[in-house]
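Asks: I need the structure of the sequence given here:
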Amino acid sequence: MRISKLAVAVFSVMVASACTTGGEKGNPTPAPQSNTSSGSDSGSKIPERPQALKLDSIDTCKLLTAEQMKQISAVSADPVQLDLVEGKESPSCDYGSDGGFGYQVGAVTHDGVSYWLKGGGNVDAKVIKVGDFGAVEVKLKGGSGFDCSVAIDVADGQQLMVSYIPTTTKEKDQAVLCGKAEKAAGLALSTLKTLK
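Replies: You can find the predicted model right below:
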């Protein structure tokens, strides 16, 4: 099952909502507030990364191996360009399933995970760890069951962004959605380490 059109629509709404407040039109940008994350017990400081893993020439459809795809029930991998973070499209991959959900893995090379911690907008961002790297969990504020994304701090000004998107399933438990995004992010990170 290809999820790219629906997933792009869902995620575009999330990103656009994240960057504007009050329905105002214009250039979407996070509000210039202090570096705090909503609802985070971890604070807003990203842990120091153990190494830099540059994403500049990474094929995102090779970040999940066939064995890893089985672990998350993905059956297809289709390359796409997505507007994950304002300013530039990012090379990404839609990992589809036969079960009404999918994953997106994107290589954002023009803005780091601090983008999500600027405050304002319609997303909750929480600092977490994926493996030995700092990351930010991003979800739509006040909503449940839409999707969940994990942005891993892999290099200065770069982030590996992994989203779990239920397309037809009735999943509503946000903790489950975020757990699935975090699992896939950990798998993609472990593959990225082998490509460097």
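
Asks: In three-state terms, label the residue nearest to Ala125 when sequence neighbours are not counted for me.
Replies: Spatially, and ignoring its direct neighbours in sequence, Ala125 is nearest to Trp116 (4.2 Å; CB to CB, 6 or more residues apart in numbering). The C-beta positions use only the backbone N, C-alpha and C, and glycine is treated the same way. The assignment at Trp116 comes out as helix when based on DSSP: H, G, I helix; E, B strand; the rest coil.

Asks: Can you show me the strands along the chain?
Replies: Using DSSP state E, the strands of the chain run over 76-85, 88-96, 101-108, 123-130, 133-140, 148-155, 158-166.

Asks: could I get the ones you listed as CSV with distance to Asp59 and mean neighbour count?
Replies: What follows is these, written out as CSV (distance: least, CB to CB, whole Å; neighbours: other CB atoms under 10 Å):
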stretch, distance to Asp59, mean neighbour count
strand 76-85, 8, 18
strand 88-96, 8, 22
strand 101-108, 9, 26
strand 123-130, 20, 22
strand 133-140, 20, 24
strand 148-155, 15, 26
strand 158-166, 13, 27
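
Asks: so which of those comes closest to Gly186?
Replies: For Gly186, the closest of the strands of the chain is strand 123-130, at 5.2 Å, according to CB to CB.

Asks: and the angle from that closest one to strand 158-166?
Replies: 110 degrees (axes from the mean of the first three to the mean of the last three CA atoms, to 10 degrees).

Asks: packing partners for strand 123-130?
Replies: helix 4-19, strand 133-140, strand 148-155, helix 174-195 (3 or more CB pairs under 8 Å, 6 or more residues apart in numbering; DSSP states H and E).

Asks: Roughly how far does the nearest residue to Lys139 once chain neighbours are set aside sit from Ala52?
Replies: Nearest non-adjacent residue to Lys139, counting by CB to CB, 6+ apart: Cys148, 4.9 Å away. Distance, Cys148 to Ala52, using CB to CB, to the nearest Å: 26 Å.

Asks: would CSV of the strands of the chain with mean pLDDT and distance to Ser57 be doable?
Replies: Below are the strands of the chain laid out as CSV (pLDDT from 0 to 100; distance: least, CB to CB, whole Å):
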stretch, mean pLDDT, distance to Ser57
strand 76-85, 95, 14
strand 88-96, 96, 9
strand 101-108, 96, 9
strand 123-130, 94, 22
strand 133-140, 94, 20
strand 148-155, 97, 13
strand 158-166, 96, 12
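
Asks: Including distance to Thr60, could those go into a markdown table?
Replies: A markdown table is the format used below for the strands of the chain (distance: least, CB to CB, whole Å):
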| stretch | distance to Thr60 |
| --- | --- |
| strand 76-85 | 7 |
| strand 88-96 | 4 |
| strand 101-108 | 5 |
| strand 123-130 | 16 |
| strand 133-140 | 17 |
| strand 148-155 | 13 |
| strand 158-166 | 9 |
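
Asks: among these, which is nearest Lys45?
Replies: Nearest of the strands of the chain (CB to CB): strand 123-130, 7.0 Å.
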